[in-house]
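> This is a predicted model, with the sequence first.
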Amino acid sequence: MNRREFLYTGAVAATAAARSMDARAYAAIPGANDRVGLGVIGLGRRGTIVSGGFVQDPRVEIRALADIYDKQAADFQARFKEHVAQAQVSVEYQKMLDRKDVDAVLVATPDHLHTQIAKDTLGANKHTYLEKPTVHRWSERETLTKAAEASKAILQCGTQQRSGAHYQRVKQEIFDTGKLGNVIFVRAVWSNFPWQRRVIPNVPQPAGLRWDLFLGPAPKVPFELSRYSSWRSYHDYGNGLLADILTHWADVAQWMLGDDKPETAAALGGDFQLTGDLTNPDTVSAVIRYKNWNLNFESSVLSIRNPRPSVFFEGTEGTLDLSREGYTLTPNNGATTQFDSTQDLERAHTGNFIDAIVNGSKVNAPLAAGLAASVPVMMALQSYWSRKLCTAAELS
């Protein structure tokens, strides 16, 4: 580690320590609402991971939980037993919206339920942390935008790279200063998601699972375990890799390059190994054309070696490999710079959300950023399903 990296790392540590001290001081103030009361809607994989960030913050107290499946709720309670002992547990999330001691909510449900739930939480003036993707269908953006504009609450979208210290550093020190010259290609890759490629034998619907609430606005179909436990593979409930992964990497690329206006998208892929009635592809490639650069995206749920998923920028003056674990800057002329990060991005992003609630600071991923990250995703999806190029003007 060189001196500059040492000083930067020390500054990050000092900031984190100061935040921790401020949080402890806030929690100790009598009558300061004690803590930010949090409700969690959706207690599955993402709900558990993001809640892991929230519970590290001494300003937060989980006061309400909602999930449509009693076993999943029980598993969540066991995982966070020290933090949810007093939390009210319900099947219907609406029950937490009237509670005055619930200040904020985490929405971590399947994608097709995001807009209705966020509309309700914002309508109840609950600060809302909305997991990505921000919308499931492009038409939902108007509903969500109107809800956010009418609410007194804060909305944070779940693109956690926005709160990463090294991402912010790269934006300021590399892209804003033009160190890469003119960036022409951005290559984004991420593969190997084993929880989406398992064989799932069907079983009778569990007595404690409300299938009607899971379906919500989706077509009414009989219960299938694969539809519940691997919902990302079904277009009715999620948009697969293009929503799960491209959302993150397109957001990083657009943020770094200051360009969130994709012009054309083309996407190809298919079910190369997965079988059954799964509707989203197990493997996909997409090219998104911006005015002066291309974003090339590749992803598969299959076991392709991918030890460090990243966004790779190729410019006329050098390259940058940017991942959640750090970055490698390789100028055409000069020494390579390697920076490693161990920052917990979930903790950083949830902390930014709580900072906004407590201190009135800005969230790093407001609705505008969440919707901007959805545009290339929706264009790629439209191209994939129509088997045609999609332009921004044709997006529906």
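On my side now, so go ahead.
> just so I have it, where are all the helices in the stretch 101-250 of the chain?
Here the stretch 101-250 of the chain has its helices, by DSSP state H, counting those that start in this stretch, at 114-123, 141-150, 165-170, 211-215, 225-229, 240-244, 246-257.
> Tell me which other helices or strands the longest one touches.
In other words, helix 246-257. Secondary-structure packing of helix 246-257 (3 or more Cβ pairs under 8 Å, 6 or more residues apart in numbering; DSSP states H and E): helix 165-170, strand 183-191, strand 294-300, strand 310-315, helix 367-386. Using the backbone N, CA and C atoms, a C-beta is placed for each residue, glycine as well.
> give me the number of residues near the nearest residue to S233 once chain neighbours are set aside?
Distances taken as Cβ to Cβ, 6 or more residues apart in numbering put L278 closest to S233, at 4.2 Å, once the chain neighbours are dropped. By other Cβ atoms under 10 Å, the residues close to L278 number 21.
> mind listing what L278 touches?
226, 230, 233-234, 271 (Cβ atoms under 8 Å, 6 or more residues apart in numbering).
> Go through stretch 91-102 and flag the buried ones.
91, 93, 96-97, 102 (16 or more other Cβ atoms under 10 Å).
> Stretch 335-355 too?
337, 339, 341, 343-355.
> Which members of those are the farthest-apart pair?
Taking Cβ to Cβ as the measure, the buried residues of stretch 335-355 span a maximum distance of 32.5 Å, between T337 and I354.
> Kindly provide the distance from the residue nearest to L345 when sequence neighbours are not counted to D251.
Excluding the flanking residues, the one nearest L345 by Cβ to Cβ, 6+ apart is Q160, at 4.2 Å. Q160 sits 10 Å away from D251, going by Cβ to Cβ, to the nearest Å.
> residue contacts, L65?
Taking Cβ under 8 Å, 6+ apart as the criterion, L65 is in contact with 39-40, 43, 73, 76-77, 84, 87-90.
> change it to 10 Å
38-43, 47, 51, 73, 76-77, 80, 84, 87-90, 93, 96 (Cβ atoms under 10 Å, 6 or more residues apart in numbering).
> Could you do I117 as well?
Counting by Cβ under 10 Å, 6+ apart, I117 has contacts 41-42, 66, 93-94, 97, 105, 107-109, 128, 130, 216.
> could the residues you listed go into TSV alongside distance to V287 and pLDDT?
Shown next, in TSV, are these (distance: Cβ to Cβ, whole Å; pLDDT from 0 to 100):
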residue	distance to V287	pLDDT
I41	36	98
G42	33	98
A66	40	98
Y93	39	98
Q94	42	98
L97	42	97
V105	37	98
V107	31	98
A108	31	98
T109	31	98
T128	33	98
L130	28	98
G216	33	98
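> hmm, back to that, for the residue nearest to S233, which three-state class applies?
Following DSSP: H, G, I helix; E, B strand; the rest coil, the label given to L278 is coil.
> Relative to A369, how far out is it?
Distance, L278 to A369, by Cβ to Cβ: 30 Å.
> got it, and Q254?
For Q254, the distance to A369 - Cβ to Cβ - is 9 Å.
> same check, this time on V89
Per Cβ to Cβ, V89 is found 32 Å from A369.
> who has more neighbours, the two?
Set side by side, V89 and A369 show more neighbours around A369, with 20 against 17, by other Cβ under 10 Å.
> Please name the nearest non-neighbouring residue to the more buried one.
Distance criterion Cβ to Cβ, 6+ apart; nearest residue to A369, sequence neighbours excluded, is C157 at 6.2 Å.
> just S361 next, same as before
Per Cβ to Cβ, 6+ apart, closest to S361 is D355, 4.9 Å.
> Overlap of the contact sets of Q160 and D251?
With Cβ under 10 Å, 6+ apart as the test, Q160 and D251 both reach 132, 365.
> My guess is Q273 contacts T283. True?
Yes: with contact defined as Cβ atoms under 10 Å, Q273 reaches T283; the gap is 8.1 Å.
> quick one: which of those two has more around it?
Higher neighbour count among Q273 and T283: T283, with 20 against 12, using other Cβ under 10 Å.
> where does the residue lying closest to Y234 once chain neighbours are set aside land on pLDDT?
Using Cβ to Cβ, 6+ apart and skipping the chain neighbours, the partner closest in space to Y234 is T279 (5.4 Å). T279 carries a pLDDT value of 92.
> A28 too?
38.
> on that earlier part again, got the helices of the stretch 101-250 of the chain as CSV, with distance to N359 and mean pLDDT columns?
Listed next are these as CSV, based on distance: least, Cβ to Cβ, whole Å; pLDDT from 0 to 100:
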stretch, distance to N359, mean pLDDT
helix 114-123, 21, 98
helix 141-150, 20, 98
helix 165-170, 18, 98
helix 211-215, 36, 98
helix 225-229, 39, 95
helix 240-244, 32, 96
helix 246-257, 23, 98
